Structure formats: C-alpha cells, structure tokens
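> pasting the structure only:
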C-alpha cells in the first residue's frame, strides 16, 4: 500500500505500511493509528514497542498444552492442584481464557490452534492433533472434553477427533449446545432448538 | 441483474471467513445472482440471532441490503439444514467438496438456476445416499456439463475417430477420451478401461436414479474418480482442497478397519 505522499516523512510512511499489514486495518485506519502514535508521549510509544518485541522474544508455546506462555511448561500445566485426568480441547488460546473465566473448570487444556476446514485446505495435519495423541499415551487421561466452536468447522473437528480418539478408550464429551443466555426462542434456528430440546433437563426444586 | 436497495434471495452458504471483531464474510450461492460475498454483522457473538441460520451448507432465505463494497445480511431464515450431513464426517466432507467445486466453478453475480438446483439436490442426496462417492461423481459430471466443460466420451478427442470397444485413454488436457493411437503423444493421458468408459457415459447421459442403480465399487470406482478428478483439476488449474481430506478419512478408515 503506500498512500503516503512526498510530504509524509519516511519513518511515518514506514510505520503506516507496517500497521497496514495488521488484520482488520485498512489504509485510512493505518494512517490514523500512525498519527496517533506520533502524537503519543515518547515513553508510551517506547513501552508499546518494547511490549511488541518482548512478546515475540519471550512468549512461546507450552510443550504440553500448546497454549501461549512465557514459561514452558505453562502455569496451568505446572499447577499441581489441577485434575490431570481431564483435558479440555479448544481451538484457540483465547478459548482457554473464556473457560478459565468461568472458574468452574479445574482440569487441563489442549489448544489445537485452528479447526478443520477442508475447503480452505486446513486438515488435521495442520492442527496440534499428534501432540494431543502423545498426551493420551501416558494413560493418565480418562476424559476428553471437545470444546471446539459450535460451527461447521468446530463440529467437523470434534467429529474427526471423536473418530480418532474413540479406539483409545477414553471418555469423550462435547460441550452442551442449545439456546444462548439472552437469546429469543423465536429467532433460534432448527438445529439449535433441536439440540436444546435433546439436552433439556429436569428442574430441581 | 441489478438488485434493489433491499432484496430477498434464497441461498446456500458455501464458506465463511472472519471479519473484524464479530463479523463474517459469507460466500453464498444464489439461483438469481450466482455466487457472491455478503457481510454478516455480529454473527460470531453467541447472542447473534442469525449465526445458526448462516452456517455453511445451510439453504436459507436471506434479506440483503446493498452495501458499498458487499451487501449486508439484514435477516435470514433456515429453509433446509441438511442435518444428517452435519452429523456424519463422511457426508460432511463430501458436502464441503461439492461446495468447494461450486465455489471454484461458479462465476460471481451470474444467475445459475440449473446449477443451483443441481447443488441443492446433491446436498439432499449426500444427506441420505448410501454411496456418497457415486453421488459425488454424478454431481461432478453434471457440473462440468452445465459449466461448459463436458468431457468428450463418444469419439477420440485427439483425432475425432470413433472409439473402439477396448481399453482407451483419458486425457484431461485434450478434453476427454483418446484412442490408443493418439494417447502416446499426449501428456497426462491415463488408461481408461472399457467398463470405466461405460460408467462415465452412464454418469453423463443417465438420470441420477439410473446412475445409482449400477453398483460401482473397488478399482472401477477409483478409476472413474481419478479420471474425473484429473479432468476437474485440469479445468480449474488447481487442486480441490477438500479432496485431500476425503482421501485422509478413507485412509484412516481403512487403517482402523484393519486394526479392528
């Protein structure tokens, strides 16, 4: 892209070009961000720059759960209080944060770093599936929770993993699917309603 | 065809990709406007009223608002979700393969009633059929036909001579079957057995019911698949991504069967 004119200083033009490479940033947003950074106090700009450098230099992937971490193994994998017999399999590291926010899960995690999408050429070999199989070899794990997204790619991944893991004799469970909190019944699609009906529960008094 | 400011259309969702915080760009296939990209706002949020209706391989009725770059989904309702297709990995992988072929072959913004009907019927068949691969072969042959890439199966596509009732060759680069005389000089020509040729002709001329009445399996099924796939790859000038996943499922299925 370089929409900069000769009036734009070369370092500023370079910054605009670099920001434009970020996802979701168009040419105008890149220019606005660059001018915002230019007006920012020098120490704040340095803090941002060093944060970016630090994240690239210090953050790595946990050799056990494949989550992003600065210490390997990560803090969750090192936590002796957690239940090592359950692994919750998620698509992205951000999904771990969502699950941890619930404060109701004390098992281990595994990040696949994506979901199977045959149309886009993303197959099981592009995900951290072999690392998951490796973890199951210890014989310590008795349950795998498939917490992939409830969309077509997530379902395909869950079905594939089920097929792959079932012969290993571990219990395979899937996160419940149904109506979201705050949603309206009349707008629910057939599949969601069907699964919500299938998963109905008795109201305990 | 120019569309009004707000318009309704039936569509099948082919694929989707993420956009911004919570939006998606959907590639949809419609009977009246062909293939097009539309924007669906907020559908990645769990509270979205539309996300369940906008999953790939769903036939739905969409209300679209014209946008500057791409049209925006203003409302949607599921017409058909092809549920058995979503609950079985073998069916799903074939459905995605069909969707990828439509995505590759269909031109943007060009009406396509027969191909749309073929695609929807194929998804219905894949949701119910026993022989999924034979259903796909029928779809491939009809799609090639409707898109103007009908393979030549009656005469040699090299010299035009009548084909003899013996093993011939199939050469995607020359547009179909070639006789044994022409086959030598054509790169990528593979042997096509007489039975293979008969099956290809059946797929080209027969109805779906006719094609499914004949049981094609084993090496013959693989031969027909290989030739049709090579023809499609030759036309598209690229591989079909979903084919690799189908192949993997087949390999792993065979391995599990041996281990069991």
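Received the coordinates, thanks. What you see is a predicted model, and the numbers here were worked out from it, not measured in a lab.

> Can you name the residues of chain B that neighbour chain A?
Contact residues of chain B with respect to chain A, defined by CB under 8 Å from any CB of the partner chain, are listed as B:14-15, B:19-20, B:46-47, B:49-53, B:55-57, B:78, B:81, B:83, B:86, B:88-89, B:92-93, B:96-97, B:99-100, B:103, B:241-242, B:244-246, B:248, B:252, B:256, B:259-260. The way it works is simple: take the backbone N, C-alpha and C, and place the C-beta from them, glycine included.

> Of those residues, which qualify as buried by neighbour count?
For the residues of chain B next to chain A, a burial check counting by 16 or more other CB atoms under 10 Å in any protein chain shown picks out B:14-15, B:19, B:49-53, B:55-57, B:78, B:81, B:86, B:88-89, B:92-93, B:96-97, B:99-100, B:241-242, B:245-246, B:248.

> Residue 100 in helix, strand or coil?
Here I'm looking at chain A. helix (DSSP: H, G, I helix; E, B strand; the rest coil).

> that's the other chain; I wanted chain B
Recorded secondary structure, residue B:100: helix (three-state DSSP).

> Give me the pLDDT for it.
Model confidence at residue B:100, expressed as pLDDT, equals 96.

> Same question for residue A:183.
In the predicted model, residue A:183 carries a pLDDT score of 69.

> Same question for residue A:1.
Residue A:1 is assigned a predicted lDDT (pLDDT) of 55.

> Kindly report the same for residue A:6.
At residue A:6 the predicted local confidence, pLDDT, stands at 64.

> Remind me which helix or strand residue 97 belongs to.
Looking at chain A here, since you left the chain open. helix A:93-101 (DSSP states H and E).

> other chain: chain B
Mapping residue B:97 onto the secondary structure by DSSP H and E places it in helix B:89-105.

> what secondary structure does residue A:108 sit in?
Reduced to three states by three-state DSSP, residue A:108 is strand.

> what's the span of stretch A:173-193 from first residue to last?
Between the opening and closing residues of stretch A:173-193 there is a gap of 20 Å (CA to CA, to the nearest Å).

> Could I get the buried residue list for it?
Within stretch A:173-193, the residues that qualify as buried are A:174, A:178-180, A:183, A:187-192, counting by 16+ other CB under 10 Å.

> on that earlier part again, ok, and what's touching the helix holding residue A:97?
Where contact means CB atoms under 8 Å, 6 or more residues apart in numbering or on different chains, the residues beyond helix A:93-101 that reach it are A:67-68, A:76, A:88, A:90, A:105, A:109, A:111, A:113, A:147.

> let's go with 7 Å and repeat that
Contact with helix A:93-101 is made by A:67-68, A:88, A:90, A:105, A:109, A:111, A:147, as judged by CB atoms under 7 Å, 6 or more residues apart in numbering or on different chains.

> mind checking how far it is from the chain centre?
Mean-position distance between helix A:93-101 and its chain equals 8 Å (CA atoms, centre = their mean, to the nearest Å).

> can you check stretch B:172-181 too?
Centroid separation for stretch B:172-181 versus its chain: 24 Å, with CA atoms, centre = their mean.

> what's the average pLDDT for it?
Computed over stretch B:172-181, the mean pLDDT rounds to 90.

> Can you tell me which residue sits nearest the middle of chain A?
Geometric centre of chain A, nearest residue: residue A:92, 1.6 Å, by CA atoms, centre = their mean.

> so who does it touch?
A:111, A:113.

> Name the residues of stretch A:156-166 that are buried.
Applying a neighbour-count criterion of 16+ other CB under 10 Å, the buried positions in stretch A:156-166 are A:156-161, A:163-165.

> Show me the helices in chain A, by range?
Residue ranges of the helices in chain A, as given by DSSP state H, are A:10-20, A:27-39, A:42-58, A:75-78, A:93-101, A:129-136, A:152-165, A:190-198.

> tell me what the first one is packed against?
So the one you mean is helix A:10-20. In terms of contacts (3 or more CB pairs under 7 Å, 6 or more residues apart in numbering or on different chains; DSSP states H and E), helix A:10-20 is packed against helix A:27-39.
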